[in-house]
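Asker: Quick one, what's the 3D model for this:
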Amino acid sequence: MQARRILGLTLVLVAIGAALALHFSPSAAAPVAIGPGGVNDERIASDATTGVNWLVNGRTNDSKHFSPLKQINSSNVANLGLAWYLDYDGQMGVVSEPIVVDGVIYVSAPLSKVYAVEAATGKLLWKYDPQVRLDQALNGSYSARTNGGVAVWNGKV
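Answerer: Here you go, the predicted structure:
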């Protein structure tokens, strides 16, 4: 009787494992159109060597936080200057890294406000303000004033 229970439990676990493997396999993933917000696992892997985008926190799934781009180097870094800047609401600094997808920079600012900015020009494309109320936060806590950043996935920010 005990062996029968163990066999039954084993079959259930194998079935669950197979279902999860099929659900999360790259071939079963829904195709995502390349374009604004068109980010998925396959794209992150293919962009890892180009450095054109910064699709996830850390730039790659293994969080290397390193760009392979070579245009800026020790011989020309002194020639860099300010091209544009972004004014955001609030007194606190940005505590998360921006995400860059297809020439758009997504910045998470204080009070969970999100800005979408054209990377080449600094033009504000849109801004989202979730209306965070500090009077509803635990003692106006620091964590209510900041957030961990944005994510872009399957066409959504």
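Asker: Show me where this protein dips below the pLDDT cut-off.
Answerer: 1-36, 136-146 (pLDDT under 70).
Asker: where along it do the helices fall?
Answerer: 2-24, 41-47, 142-145 (DSSP state H).
Asker: Stretch 96-113: which residues count as buried?
Answerer: 97-101, 104-113 (16 or more other C-beta atoms under 10 Å). C-beta coordinates here come from the backbone N, C-alpha and C atoms, glycine included.
Asker: For that stretch, measure first residue to last.
Answerer: The first and last residues of stretch 96-113 sit 12 Å apart, counting by C-alpha to C-alpha, to the nearest Å.
Asker: cool, stretch 50-57 as well?
Answerer: 16 Å.
Asker: buried stuff in it?
Answerer: 53, 54, 55, 56, 57.
Asker: Please narrow the buried residues of stretch 96-113 to those residing in strands.
Answerer: Within those, residues falling in strands by DSSP state E are 99, 100, 101, 104, 105, 106, 107, 108, 109, 113.
Asker: Now for residue 79, how many residues are close by?
Answerer: Close neighbours of residue 79, defined as other C-beta atoms under 10 Å, add up to 7.
Asker: try the one 5 residues further on
Answerer: Each residue near residue 84 was counted by other C-beta under 10 Å, and the total is 11.
Asker: Looks like it contacts residue 121 (just checking).
Answerer: Yes. At 6.5 Å, residue 84 counts as touching residue 121 under the criterion of C-beta atoms under 8 Å.
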